[in-house]
Each structure stands twice: as C-alpha cells, then as structure tokens.
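Student: compute the structure for the input listed below.
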Amino acid sequence: MELLKKVFTVGLILVSPTTVFANCSDEERVEMLKAGVSAEYIKSFCEMDVEFEPPREQQGSLVTTEQEKLETLTKEEEKLREELASEKGDAERISELEEKLETIENQENPAYWREKQPYGLGGGFGFGLGMGALIYFDYNIDSRNQLHFQYDSLGRESSSLMGSSTINISQTLIAIIARRSFSPNYGWYYGAGIGLVTTQLDYDSPLESVSTSYNSSSQQLVGGKYSAEAQGVGYLLDIGWQGYDGYYFTISLQPMATTYTDDNFDANKIADYSNHRTYSEDEWEKAKSSGRIFLGFGGYFGD
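Tutor: Next up, the predicted model:
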C-alpha cells in the first residue's frame, strides 16, 4: 500500500501541475529522485509547502503547448472575424443591390409614384361641348386612392341655317372626383364626383326686324343679341388611365348629369326666323347635359 501511495504521488506530480502540499519522508524523497524529479522541486514541495511546478524541461513543453493553443485560438478568432466581416460586407452589398433593383422595379409601378410623390399638377385639353382647356390637381391618398380636383372651360360657336346668326355655347366646371385604381400595379382607374356647372348661351343676329306673312297674317320679328345662363350641380362618372414614372399622362371619360337650380333661358326672346329659335333651343338642351373627354399631362411632386 505504501508503494502504491508513493507511485500515485509521484505520478500526480509528473502528470499535472497542480497545487499540492505534503510533508515527505526520506523514502518518498528517494522515490521522487528516482522518478526524475529534481532536488530543488523536491525541497520546495516537501519542506516549504509551496505550489508544485513541473521540471523545467516539462515546464517549457507545457508553456510551448499553451502558447501554441493561444496562437491557434487567436488565428481562428481572426479568421472567424474576417469571414464574418466578409459575409457582412457581402450581405450589405446584396442588400444594396436588392434595394436598387426594387427601386428600379417600383419606378415602373404606378403605386410607387402614388406613395412617394403624392401630389400632381397638370393641364390639358377637353372635348365635349366643343373644345376647351383644363387644369387639375391630384392628391394621392395611398397607392390606390386619389382625389382629383378639376377646372375646365369648354365651348363652341355655331351658325343658324339662314340669316348668319351665331350661337356661342360655353360651359365651365369646377369638380372634385374620388378615384380608385383597379390595381396598384396598373394605371387604370374609375371614380365618381360632383361639381358646380355654369352653362351660358350668347345669341347674335344681324337682323333688326323682319316682317313675314303666313296664312294671310303678318308677324314682326326682332333680331339682335340675347344671352342666357344656367347654374347647377353636375354629377360625374370618371374612368380612365393615368401614366406614371415621375410625370404622368391622363386620358379620362367623364359622363355628366346636371341638375340646374337657376336657368333663365327664354326661347321667345330669339327671333322665330328660319331655324334660329329651334336651333338655339336644341343647342341649349345639349349643352346642359354634356359630358367630356379630356387629355392631360402633369407631374408628380412632394417626395
């Protein structure tokens, strides 16, 4: 048993640099010397009760091993950092490229401009009751919904069959229209709105007085100038297409029904000569219920 104890003690000293404290006998000292432990370390271990350290030659190998491990770990950490940095750089570059690609793709999408630049201002030409001009302002609520504010003035001039009389018909509209896109990816939309409508007729005849006879009776007709005006509310449907890409092109069809609250047209004040009166009446009725088609060009802003 004593021999096993000695072998265990010497083996423990040689194998592991641990903290051991002991009071050694002479036999133990001899055994340690035979095992190759230096006298210096035997004295330190057995008499002074200090922390045991392995022989110098063993200590050097252990130090070298620890340094190699430390250097290996340091290199592995640096390599890992480089790999992580490289991966992070690649991820950032990929993210930037994806963002640029998404931006390019979105710029071809109407929804991108409706959200990024919510305001639009433009003008154009209108057709319906003759021809005229319009200006408009658009506010994009989101990628699919838009408020459209419009002012237009249309008119035409026509002549009666005989007498060189002219009739000027004009109409102005101030309207607000709510629009919704069929899809955020396309420019087609539909909508409805309401507006204030003013329709005006100006009749101008070179006739001063005309005497006619019919069925043995005579009638005195008076020519000259006459004006009439009607004001009311217009109810519009709106369907069309709106381009994109920072600027936009609009084509829109707007059927309109009108309810007039003030209409002072009096056909009896127009000479009943040739087709003057009937022609004026027909033109007036057409003008009051006309729709329009307009073509406009504008630009988005406000981003």
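
Student: which SS class is Leu33?
Tutor: Recorded secondary structure, Leu33: helix (DSSP: H, G, I helix; E, B strand; the rest coil).

Student: and the one 4 residues further on, by the same measure?
Tutor: Using three-state DSSP as the criterion, the local structure at Val37 reads coil.

Student: Gly302 is in contact with Pro118, isn't it?
Tutor: Yes - Gly302 is within contact range of Pro118, at 5.2 Å (criterion: C-beta atoms under 8 Å). C-beta: built from backbone N, CA, C; applies to glycine.

Student: please identify which of the two sits among more neighbours.
Tutor: Between Gly302 and Pro118, counted using other C-beta atoms under 10 Å, the more crowded position is Pro118 (17 against 11).

Student: show me what contacts the more buried one?
Tutor: Tyr139, Asn140, Ile141, Tyr300, Gly302 (C-beta atoms under 8 Å, 6 or more residues apart in numbering).

Student: what is the nearest of these to Thr199?
Tutor: Tyr139 (28.1 Å; C-beta to C-beta).

Student: does the closest one really touch Gln146, like I thought?
Tutor: Yes - shown here, Tyr139 and Gln146 form a contact pair, counting by C-beta under 8 Å, at 6.8 Å.

Student: who has more neighbours out of the two?
Tutor: Gln146 (21 against 13).

Student: what sits opposite the more buried one in the beta ladder?
Tutor: Taking DSSP bridges as the rule, Gln146 bridges to Asn140, Arg179.

Student: cool, Gly155 as well?
Tutor: Met131, Ser170.

Student: what about the helices in this protein?
Tutor: Secondary structure of the chain, counting by DSSP state H: helices at 2-15, 26-34, 39-46, 56-107, 110-116, 276-288.

Student: stretch 285-300: end-to-end distance?
Tutor: 38 Å (C-alpha to C-alpha, to the nearest Å).

Student: which parts of it are buried?
Tutor: Ala287, Lys288, Ser290, Gly291, Arg292, Phe294, Gly296, Gly298, Tyr300 (16 or more other C-beta atoms under 10 Å).

Student: so how far is Glu71 from the fifth one?
Tutor: From Arg292 over to Glu71 the distance is 84 Å, taken as C-beta to C-beta, to the nearest Å.

Student: what of the second one?
Tutor: Using C-beta to C-beta, we find Lys288 at a distance of 96 Å from Glu71.

Student: give me the pLDDT value at the residue nearest to Gln117 when sequence neighbours are not counted.
Tutor: Once flanking residues are discounted, Gln117 sits nearest to Tyr300: 3.7 Å by C-beta to C-beta, 6 or more residues apart in numbering. Listed pLDDT for Tyr300 reads 78.

Student: bridging residues for Tyr300?
Tutor: The residues that Tyr300 bridges to, once DSSP bridges is applied, are Gly120.

Student: could you double-check that it lies in contact with Tyr119?
Tutor: Yes - the criterion here is C-beta under 8 Å, and Tyr300 meets it with Tyr119 at 6.8 Å.

Student: what mean pLDDT does stretch 194-206 get?
Tutor: 89.

Student: I meant stretch 272-282, not that one.
Tutor: Averaging pLDDT along stretch 272-282 yields 81.

Student: identify each buried residue in it, please.
Tutor: Quick answer for stretch 272-282 (16+ other C-beta under 10 Å): Tyr273, His276, Arg277, Tyr279, Ser280.

Student: list just the nearest of those to Ser158.
Tutor: The closest of these, once distances to Ser158 are taken by C-beta to C-beta, is Tyr279, at 7.8 Å.

Student: all good on my end, thank you.
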